[in-house]
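Student: Predicted model follows, preceded by the sequence.
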Amino acid sequence: MFWTILFGLVAIWYDEILAVEDPTYEIRGQISVQNDPGWQTRTLISAGFGEHYGYAQQNGSFVIPNVKPGSYIVEVLNPNYLIAPIRVEISSKASGRIRARKVDYVQPNEVQLVKYPLIFRIGERTNFFEKRETWHITDIFKSPMVPMLVLPIFFMLVLPKIKDMQDPETKKELEDASKMMQNPQMPDMSDMLASFFGGTKKPKKSNKIRR
């Protein structure tokens, strides 16, 4: 029994020493919300990602108590609004001097100081649903099927005119090439495929006239 009481007194004494050596401070601020009655009941102020909490009063002010020296990100949590967080730094060497600056996740080394006590202004409402897209006449031209339909029409209407505008030599070469493609002496594609896969060739029709 004696040792139990002694250990209890030592533990209390040790906690008091720690409290004296490591004092705590308060983070204060103000939240500005308009035309939204009862927003205080849906709002929670967090410091250090849930390490410390505070609650909004009727006039919009809040206090986060028992905060030790260090760096904390203060966030206003409300399901209806998106509010930018603020980083608060409490100095242990300068008797709890508090400095606040904006949170920049892209450039964390860039320091933009803000006023203290903190002032949070509502940025925008939380959008839980995306706005449904409406149809416009310009969506037709954005479709990938449009070039597939327009290009063949372009080739059918424009290329013949370009062909007529060419010089006689080029025109003659194109006509000779087309005649070679239409030459009956050229091998039939079906016969080539049949011989390639081991099939029998089709008998060619004789052009000779029997007497």
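Tutor: Cool, the structure landed.
Student: which regions of the chain sit below the pLDDT cut-off?
Tutor: The model of the chain has pLDDT under 70 over residues 1-22, 94, 123, 158-168, 170-171, 173-174, 176-211.
Student: can you give me the strands in it?
Tutor: Here the chain has its strands, by DSSP state E, at 25-32, 44-47, 52-56, 61-67, 70-77, 81-82, 86-90, 98-102, 113-114, 118-121, 124-125.
Student: helices and strands around the fourth one, which ones?
Tutor: Using 3 or more CB pairs under 8 Å, 6 or more residues apart in numbering; DSSP states H and E as the contact definition, the elements that strand 61-67 packs against are strand 25-32, strand 44-47, strand 52-56. Quick note: C-beta positions are derived from backbone N, CA and C, even for glycine.
Student: Please name the nearest non-neighbouring residue to residue 91.
Tutor: Leaving aside its chain neighbours, residue 91 sits nearest to residue 97 (4.5 Å; criterion: CB to CB, 6 or more residues apart in numbering).
Student: Now do the one you found: how many residues are near it, please.
Tutor: Counted with other CB atoms under 10 Å, residues neighbouring residue 97 total 13.
Student: swap in residue 53?
Tutor: Residue 53, neighbours per other CB under 10 Å, totals 14.
Student: does it really touch residue 43, like I thought?
Tutor: No - counting by CB atoms under 8 Å, residue 53 sits too far from residue 43 to count as a contact (11.2 Å).
Student: picking that back up, for the strands of the chain, which one sits closest to residue 132?
Tutor: Nearest of the strands of the chain to residue 132, taken as CB to CB: strand 124-125 at 17.7 Å.
Student: now what about that closest one, what contacts it?
Tutor: 80, 81, 82 (CB atoms under 8 Å, 6 or more residues apart in numbering).
Student: same thing but 10 Å
Tutor: Here strand 124-125 makes contact (CB atoms under 10 Å, 6 or more residues apart in numbering) with 36, 78, 80, 81, 82, 83.
Student: Most neighbours of all those, which one?
Tutor: Top of the contacts of strand 124-125 by neighbour count (other CB under 10 Å): residue 78, with 22 neighbours.
Student: quick one: that one from residue 40, how far?
Tutor: To residue 40, residue 78 is 10 Å away according to CB to CB, to the nearest Å.
Student: Overlap in contacts, those two.
Tutor: In the contact map built from CB under 10 Å, 6+ apart, the residues linked to both residue 78 and residue 40 are 31, 33, 56.
Student: hmm, back to that, touching both of residue 53 and residue 43, which residues are there?
Tutor: Residues touching both residue 53 and residue 43 (CB under 10 Å, 6+ apart) are 62, 77.
Student: returning to what we had before: filter the shared contacts of residue 78 and residue 40 down to the buried ones, ChimeraX style.
Tutor: A single ChimeraX command suffices to select whichever of the shared contacts of residue 78 and residue 40 are buried according to 16 or more other CB atoms under 10 Å:
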select :31,33,56
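Student: out of the shared contacts of residue 78 and residue 40, who's nearest residue 68?
Tutor: Nearest member of those to residue 68, counting by CB to CB, is residue 56, at 22.7 Å.
Student: just checking, the closest one touches residue 44?
Tutor: Yes - counting by CB atoms under 10 Å, residue 56 does reach residue 44; the two are 8.1 Å apart.
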